[in-house]
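S.K.: Quick one: sequence and predicted model below, then my questions.
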Amino acid sequence: MTDSIAQGGLDTEPAGSHPPALRLTGVNKWFGANHANKDVSLTVRRGSIHGVIGENGAGKSTIMSIVYGYLRADGGTVEVDGRITDIRSPRDAIAVGIGMVHQHFMLVDTFTVVENVLLGAEGGATLAPGLGRARKELERLEHEYALDVDVDAVVGDLPVGLQQRVEILKALYRGADILILDEPTGVLTPQEADHLFRILRALRNQGKTIVIITHKLREIMDLTDTVTVMRRGEVVANVETASTSREQLAELMVGRKVLLRVDKKPAEPGAVVLDVRALKVVDPTGVLRVKEVSLNVREGEIVGIAGVSGNGQSELLEALAGILPIAGGSVRVHGEKISGRSIYNPRDLRRAGIAHVPEDRQKVGLVTSFSASECAVLGYQDDSRYNGRILMDHGAMLNRCRAQMKSYDVRPPLPDLPAANFSGGNQQKIVLAREIERNPDVLLIGQPTRGVDIGAIEFIHRRLVELRDAGKAILLVSVELDEILALSDRILVMFDGHLVGEIPAGQATERRLGLMMAGISEEAAE
Ligand SMILES: Nc1ncnc2c1ncn2[C@@H]1O[C@H](COP(=O)(O)OP(=O)(O)OP(=O)(O)O)[C@@H](O)[C@H]1O
């Protein structure tokens with residue numbers, strides 16, 4: 001390990017230089033017996049972009065929640081601009097110039113951008129005299145950092161990427177010099193992510209300091225100046241980005257070498273298992289989202305659906321999983337028609353051999369107030385293995401959950417912990433374990449590795465390929481082109497509710513897919 005990688009290796013300050021924007025020294029945090037942050041020390045230079053990476057549950061969100069005053073540390077110091085600061089609440093954090101953009105935005109949908117920004121800020125949203133001044137200041141900030149936000153728009157009408165920029169605007173308006181972003185690209189399309197990075201670079205160039213938590217090594221390499229790597233609550237490295245590589249960071253994160261590509265042999269597809277014809281799906285607001293889509297998935301193949309989010313692929317998956325009603329067309333599994341019943345019931349689908357890993361694990365995949373062991377049998381409650389004659393067999397559920405936690409390396413391996421208390425990636429593993437371990441004939445899987453760390457991605461991808469090699473049919477929806485390219489044997493591209501093309505995996509390139517995803521034919525792009 002080189003000197004620059006040693007812990008605290010970036011901590012040297014030449015005499016006479018500015019103090020760092022942020023310095024943490026020996027910060028500890030316990031949740032009961034769980035030591036979530038162990039003597040965490042890191043330094044962030046003023047006017048730099050600093051990345052924080054680490055496996056799921058490594059303690060990244062916890063340490064940043066301490067900096068922002070959501071959590072109290074059990075020891076250690078936080079210095080802002082060279083001064084030890086006691087941050088007891090987000091209000092204290094804002095007062096010393098720290099802003100935070102969360103994964104789940106904290107905006108009022110029915111308010112305009114200006115109103116949202118003023119909400120909770122000095123004076124409040126209803127003080128009319130402040131409104132005019134605030135609008136001017138917001139317009140100035142919006143313009144200075146090219147945020148492209150209409151300050152009079154109603155927030156609920158804005159796409160996710162713009163809502164995120166409203167959060168940035170809000171933090172800047174409150175005087176943030178240090179901006180912390182927790183997995184900001186998890187919910188963005190690639191285009192939105194590019195825009196966000198341009199904004200972050202502009203902020204840095206104006207002297208702001210950015211701390212970004214992400215799982216994506218490509219983002220770390222493209223964007224950051226320095227990186228902190230965490231593992232199991234500890235800092236294992238503080239490095240200059242220019243002196244490291246994706247491979248080295250992956251190894252530091254996971255503690256072993258990680259395969260950054262999927263190792264798989266060519267598919268040997270068999271008979272058609274899932275056969276979808278002229279499927280139409282209308283969303284709950286009455287909009288036709290899937291427009292006569294036909295596709296099939298055979299035994300032993302992974303079919304990937306690529307597309308910019310919002311083009312109907314999520315609704316397609318949800319309809320096949322029985323969550324959204326089918327407005328037209330047919331779905332057959334092993335030749336037997338399963339659509340068109342009066343009640344389209346997810347339980348019937350499970351009986352037909354379909355398993356589903358939904359895109360939104362928190363809303364659909366789990367009940368976050370339930371324990372992990374309850375979540376591990378969700379949807380399979382009538383299985384005789386867990387269902388006693390009157391009540392659920394708690395012992396059997398615990399054993400099942402423990403076994404799944406072991407084979408999927410869920411941390412912490414505590415079946416009684418509420419699902420809400422697991423980190424995002426570990427929640428995802430709980431859902432995956434439940435659905436994959438059923439050994440389904442058809443697996444419908446949406447965004448399988450969203451928010452999941454690199455070691456777990458390797459694991460999940462390997463599991464999916466094993467399932468394929470065992471002759472199962474897998475339909476994958478992902479907005480991550482890397483993931484689609486790495487896993488799929490055939491790739492279908494969806495645009496505006498239609499399938500606009502099919503490419504065998506060997507012939508797919510990012511450029512070709514990107515054009516099709518944007519609705520541009522290859523001839524037109526030549
Ligand atoms: N409110 C809480 N109560 C109990 N344990 C918690 C709580 N919040 C976090 N933890 C635990 O603390 C540890 C660190 O979690 P944290 O969310 O900081 O991880 P992370 O590195 O941000 O993970 P991810 O990448 O999955 O978001 C985990 O073991 C987690 O289960």
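M.R.: Yep, that arrived.
S.K.: quick one: contacts for the residue lying closest to V254 once chain neighbours are set aside?
M.R.: Distances taken as CB to CB, 6 or more residues apart in numbering place G455 nearest to V254, at 3.9 Å, with adjacent residues excluded. Just so you know, the C-beta spots here come from the backbone N, C-alpha and C atoms, and that holds for glycine as well. Residues counted as contacts of G455 (CB atoms under 8 Å, 6 or more residues apart in numbering) are E55, A250, M253, V254, R256, V258.
S.K.: cool, I474 as well?
M.R.: I474 neighbours (CB under 8 Å, 6+ apart): V297, E301, I302, V303, V442, L443, I445, L464, L467, R468.
S.K.: wait, which of the residues you listed is closest to the ligand?
M.R.: Using CB to the nearest ligand atom, I445 is the member of the contacts of I474 that lies nearest the ligand, at 18.9 Å.
S.K.: isn't the closest one right up against L464?
M.R.: Yes: judged on CB atoms under 8 Å, I445 makes contact with L464 at a distance of 7.4 Å.
S.K.: follow-up on the earlier one: tell me the secondary structure at the residue nearest to V254.
M.R.: Using DSSP: H, G, I helix; E, B strand; the rest coil, the structure places G455 in helix.
S.K.: on that earlier part again, possible to save the contacts of I474 as JSON lines with secondary structure?
M.R.: Below are these laid out as JSON lines (three-state DSSP):
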{"residue": "V297", "secondary structure": "strand"}
{"residue": "E301", "secondary structure": "strand"}
{"residue": "I302", "secondary structure": "strand"}
{"residue": "V303", "secondary structure": "strand"}
{"residue": "V442", "secondary structure": "strand"}
{"residue": "L443", "secondary structure": "strand"}
{"residue": "I445", "secondary structure": "strand"}
{"residue": "L464", "secondary structure": "helix"}
{"residue": "L467", "secondary structure": "helix"}
{"residue": "R468", "secondary structure": "helix"}
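S.K.: which residues are in contact with both of I445 and L464?
M.R.: If you check I445 and L464 against CB under 8 Å, 6+ apart, the residues they both contact are I474, L476.
S.K.: who's more crowded, the two?
M.R.: Neighbours were counted for I445 and for L464 using other CB atoms under 10 Å; I445 has more, 28 against 24.
S.K.: Name the nearest residue to the more buried one, ignoring sequence neighbours.
M.R.: Leaving out its chain neighbours, the residue that sits closest to I445 by CB to CB, 6+ apart is V357, at 4.3 Å.
S.K.: Do I have it right that that neighbour meets A433?
M.R.: No: the pair V357 and A433 fails to qualify as a contact (CB under 8 Å) at a distance of 10.1 Å.
S.K.: For whatever helix or strand E139 lives in, C-alpha coordinates in CSV please.
M.R.: Element membership of E139, judged by DSSP states H and E, is helix 128-144. Taking only C-alpha atoms (Å, rounded to 0.1, in the frame of the first residue of the first chain), the coordinates of helix 128-144 have been written out as CSV:
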residue,chain,number,x,y,z
ALA,A,128,-44.4,38.2,1.3
PRO,A,129,-41.8,41.0,1.7
GLY,A,130,-39.1,38.4,1.6
LEU,A,131,-40.4,36.7,-1.4
GLY,A,132,-39.3,39.3,-4.0
ARG,A,133,-35.8,39.4,-2.6
ALA,A,134,-35.6,35.7,-2.3
ARG,A,135,-36.7,35.2,-6.0
LYS,A,136,-33.9,37.6,-7.1
GLU,A,137,-31.3,35.8,-5.1
LEU,A,138,-32.5,32.4,-6.3
GLU,A,139,-32.4,33.6,-9.9
ARG,A,140,-28.9,34.8,-9.4
LEU,A,141,-27.8,31.4,-7.9
GLU,A,142,-29.7,29.5,-10.5
HIS,A,143,-28.0,31.5,-13.2
GLU,A,144,-24.5,31.4,-11.7
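S.K.: immediately after that helix, which helix or strand?
M.R.: Assigned by DSSP H and E, the successor of helix 128-144 is helix 160-173.
S.K.: so what secondary structure elements neighbour that following helix?
M.R.: strand 98-101, helix 113-118, helix 128-144, strand 178-182, helix 190-205 (3 or more CB pairs under 8 Å, 6 or more residues apart in numbering; DSSP states H and E).
S.K.: Could you dump these into TSV with mean pLDDT and mean neighbour count added?
M.R.: Listed next are the helices and strands packed on helix 160-173 as TSV, based on pLDDT from 0 to 100; neighbours: other CB atoms under 10 Å:
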stretch	mean pLDDT	mean neighbour count
strand 98-101	94	24
helix 113-118	87	24
helix 128-144	80	14
strand 178-182	96	24
helix 190-205	89	17
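S.K.: if we compare the ones you listed, which one ends up closest to the ligand?
M.R.: If you check each of these against the ligand by CB to the nearest ligand atom, strand 178-182 wins as the nearest, at 7.6 Å.
S.K.: What residue in the stretch 401-526 of the chain comes nearest to the ligand?
M.R.: Nearest residue of the stretch 401-526 of the chain to the ligand, counting by CB to the nearest ligand atom: S423, 2.9 Å away.
S.K.: OK, contacts around that residue?
M.R.: Here S423 is in contact with N56, G57, S61 (criterion: CB under 8 Å, 6+ apart).
S.K.: Rebuild those as CSV, extending it with secondary structure and neighbour count.
M.R.: Shown next, in CSV, are the contacts of S423 (DSSP: H, G, I helix; E, B strand; the rest coil; neighbours: other CB atoms under 10 Å):
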residue, secondary structure, neighbour count
N56, coil, 23
G57, coil, 25
S61, helix, 20
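S.K.: Which of the residues you listed sits closest to L515?
M.R.: Nearest to L515 out of the contacts of S423 is N56 (CB to CB; 33.9 Å).
S.K.: any idea how far the residue of the stretch 401-526 of the chain closest to the ligand is from I213?
M.R.: Distance of S423 to I213, given as CB to CB, to the nearest Å: 11 Å.
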